[in-house]
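Visitor: Build me a model:
(one chain, ligands or ions: 2)
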Amino acid sequence: MPSAIHAENISRTFSRGKIRALQDFSLDVETGIIFGLLGPNGAGKTTFIKILLGLTRPSTGSATLFGVPTERYHARKRIGYLPENHRFPLFLTGSQLLDYCGRLSGMHSKAERETRAELLLKRVNMWQWRNTRIKKYSKGMMQRLGLAQALIHDPDLIFLDEPTDGIDPIGRKEVRDLLLELKNSGKTIFLNSHLLSEVETICDQVAILNKGKLVSQGSVHELTTSDRRFQLYIEGTPQQIEPVLKEHTQSVIAHNDHYEITVRDNKALNAAIDSLRQQGLLIEAIIPHKQSLEDSFFQAVRGHSETDLNTLFETKAKTGANDAD
Ligand SMILES: Nc1ncnc2c1ncn2[C@@H]1O[C@H](COP(=O)(O)OP(=O)(O)OP(=O)(O)O)[C@@H](O)[C@H]1O
Ligand SMILES: [Mg+2]
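Guide: Ligands and ions are numbered 1, 2, ... in the order given. Model (predicted):
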C-alpha cells in the first residue's frame, strides 16, 4: 500500500530565492496514523501543506498522496483541509457553508449532504448554531465549523493547520477525541500545531521542522525517551558507587536517592552494571530518562537562532495557547 504522503526533496523559495521556506524536505506518512508537524513560526509547515494540496508549487522536488502525484487533480479527491486563518463567507450560515463545501467536494446528492452535515454539526457541537450566520460566530465556533467542513465528504486524509487555534480547553479535548475517533476508523491525519503537549498526547509520529529543514523525526516515544540517559537506584555508599559509574559513563549526577547517568551506548550501560554488581552493589532500578516533547523540541531547534524560539513564545502568549491544559 502506498504511503498516505510521500514527499521527496521538496524545496520552495520565495522572494526570488531570498526566503527559503523549505529546503530539501523529504517525508513519508503511513496511512492510519496521526502525524504532527512541529516547528517555530515561519518554519515552513503551512508551505508544506500547501504544496501537498497543489496550492503552491515546489521549486524543486515532488510529492504523492496515496501514490498519486500532487499535481494531478485526483490526488485531492480523498483529502480534507482545514486551512490556517481561514476566511469563510460570513453571510452564510453554518449549514449553508457545509452544503457549499459538500458540493465543491463532489457530493451531488442533496440528501447525502444534509445527512452528513447534520452528523458533523452535532459531532462538533454546532448543531444549535446551524442557522446562524458565520459572522456571528466566535473564533472557537468558526474553528469547529472549519473542522466539520474539512470532513464533509468523509475524506481519507485530513490536513489540519492549527486545528485547535482559538478553541478553549474543553473544546480542545473534544477535538482530540474526534481526531482519535477518525484515526480508529482508518483515516490519516496530518496536523500542524504549536501545542506540543497536544501533539504529544495524540500523535503517533512527529517531525520537527526548523527554517525549512527537517531537524528531527520519529515516534513520540522515540523523541521523548533517551537511550543514553538513565536514572539508577543503587544500594551503597557514594564512595563505593561513584568511582565505578565514572569509569563507564560520560556524566554522573548524584541526586538524593539516585544517580542520573549519561552513557555512550547500551554497551557502556551494561559495563557499568557489571562493574557495580562485581562490587557486590545491589541495583534497585534502572529507568530510562523521559523528557517532554517540549524538551525534545527545544533540543532539536537549539543551535538555530534564538529568535525563532522567542517568536514561538510570543505567538503562544498572543493566542493564549497554553500547553498545560
Ligand atoms: N506567499 C509567500 N510569499 C513570500 N514568502 C512566503 C509566502 N508564504 C510563506 N512565505 C515565507 O515562507 C516561510 C515559511 O512560512 P510558513 O507559513 O510555511 O511557516 P509556518 O511554519 O506555517 O509558520 P506559522 O507557525 O507561523 O504558521 C516564512 O518565512 C514566510 O514568510
Ligand atoms: Mg503556518
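Visitor: what comes up buried for stretch 107-120?
Guide: Neighbour counts over stretch 107-120 (16 or more other CB atoms under 10 Å) mark Met107, Arg113, Arg116, Ala117, Leu120 as buried. Every C-beta, even on glycine, is put in place using the N, C-alpha and C of the backbone.
Visitor: typo on my end, stretch 121-141
Guide: Judged by neighbour count (16+ other CB under 10 Å), stretch 121-141 contains these buried residues: Leu121, Arg123, Val124, Met126, Trp127, Trp129, Arg130, Ile134, Tyr137, Gly140, Met141.
Visitor: State the mean pLDDT of it.
Guide: Averaging pLDDT along stretch 121-141 gives 95.
Visitor: For ligand 2, what's its nearest residue on the stretch 51-200 of the chain.
Guide: Residue of the stretch 51-200 of the chain nearest ligand 2, by CB to the ion: Glu84 (4.7 Å).
Visitor: roughly how far apart are that residue and Thr132?
Guide: 24 Å (CB to CB, to the nearest Å).
Visitor: coming back round to it: restricted to helices, list the buried residues of stretch 107-120.
Guide: Per DSSP state H, helices hold the following members of those: Arg113, Arg116, Ala117, Leu120.
Visitor: if we take those residues, which one ends up nearest to Ile158?
Guide: Leu120 (12.4 Å; CB to CB).
Visitor: For the closest residue in space to Ile167 that isn't next to it in sequence, pull up the helix or strand it's in.
Guide: Leaving aside its chain neighbours, Ile167 sits nearest to Gly140 (4.6 Å; criterion: CB to CB, 6 or more residues apart in numbering). Following DSSP states H and E, one finds Gly140 within helix 139-150.
Visitor: Dump the C-alpha coordinates for that helix into PDB.
Guide: Extracted as PDB, the C-alpha positions of helix 139-150 are listed here (Å, rounded to 0.1, in the frame of the first residue of the first chain):
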ATOM      1  CA  LYS A 139     -13.300  32.200  16.900                       C
ATOM      2  CA  GLY A 140     -13.800  28.800  18.500                       C
ATOM      3  CA  MET A 141     -17.100  28.300  16.800                       C
ATOM      4  CA  MET A 142     -15.600  29.200  13.500                       C
ATOM      5  CA  GLN A 143     -12.800  26.600  14.100                       C
ATOM      6  CA  ARG A 144     -15.400  23.900  14.900                       C
ATOM      7  CA  LEU A 145     -17.200  24.600  11.700                       C
ATOM      8  CA  GLY A 146     -13.900  24.600   9.900                       C
ATOM      9  CA  LEU A 147     -13.300  21.100  11.200                       C
ATOM     10  CA  ALA A 148     -16.800  20.000  10.100                       C
ATOM     11  CA  GLN A 149     -16.200  21.300   6.500                       C
ATOM     12  CA  ALA A 150     -12.900  19.500   6.300                       C
END
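Visitor: ok, and what's touching that helix?
Guide: For helix 139-150, contacts defined as CB atoms under 8 Å, 6 or more residues apart in numbering pick out 80-83, 86, 88, 94, 97-98, 101, 117, 120-121, 123-126, 129, 134, 137, 158-160, 163-168, 171, 175, 178.
Visitor: For that helix, list every residue counted as buried.
Guide: Of the residues in helix 139-150, those buried (16+ other CB under 10 Å) are Gly140, Met141, Met142, Gln143, Arg144, Leu145, Gly146, Leu147, Ala148, Gln149, Ala150.
Visitor: Return only those of the residues you listed found close to ligand 2.
Guide: By CB under 5 Å from the ion, no member of those lies near ligand 2.
Visitor: Distance to Pro238 for the residues you listed - can I get that in JSON lines?
Guide: JSON lines is the format used below for those (distance: CB to CB, whole Å):
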{"residue": "Gly140", "distance to Pro238": "55"}
{"residue": "Met141", "distance to Pro238": "60"}
{"residue": "Met142", "distance to Pro238": "60"}
{"residue": "Gln143", "distance to Pro238": "55"}
{"residue": "Arg144", "distance to Pro238": "57"}
{"residue": "Leu145", "distance to Pro238": "61"}
{"residue": "Gly146", "distance to Pro238": "58"}
{"residue": "Leu147", "distance to Pro238": "56"}
{"residue": "Ala148", "distance to Pro238": "61"}
{"residue": "Gln149", "distance to Pro238": "63"}
{"residue": "Ala150", "distance to Pro238": "58"}
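Visitor: And those residues, which is closest to Gln23?
Guide: Distances from Gln23 to the buried residues of helix 139-150, taken by CB to CB, are shortest for Ala150, at 28.5 Å.
Visitor: In terms of helices and strands, where is the residue most central in space within the chain?
Guide: For the chain, the residue nearest the mean C-alpha position is Gly36 (1.9 Å; CA atoms, centre = their mean). Using DSSP H and E, Gly36 falls within strand 34-38.
Visitor: Check which helices and strands that strand is in contact with.
Guide: helix 45-52, helix 169-184, strand 188-192, helix 196-202, strand 205-210 (3 or more CB pairs under 8 Å, 6 or more residues apart in numbering; DSSP states H and E).
Visitor: Which of those comes out lowest on mean pLDDT?
Guide: Note on the helices and strands packed on strand 34-38: helix 196-202 shows the lowest mean pLDDT, a mean of 88.
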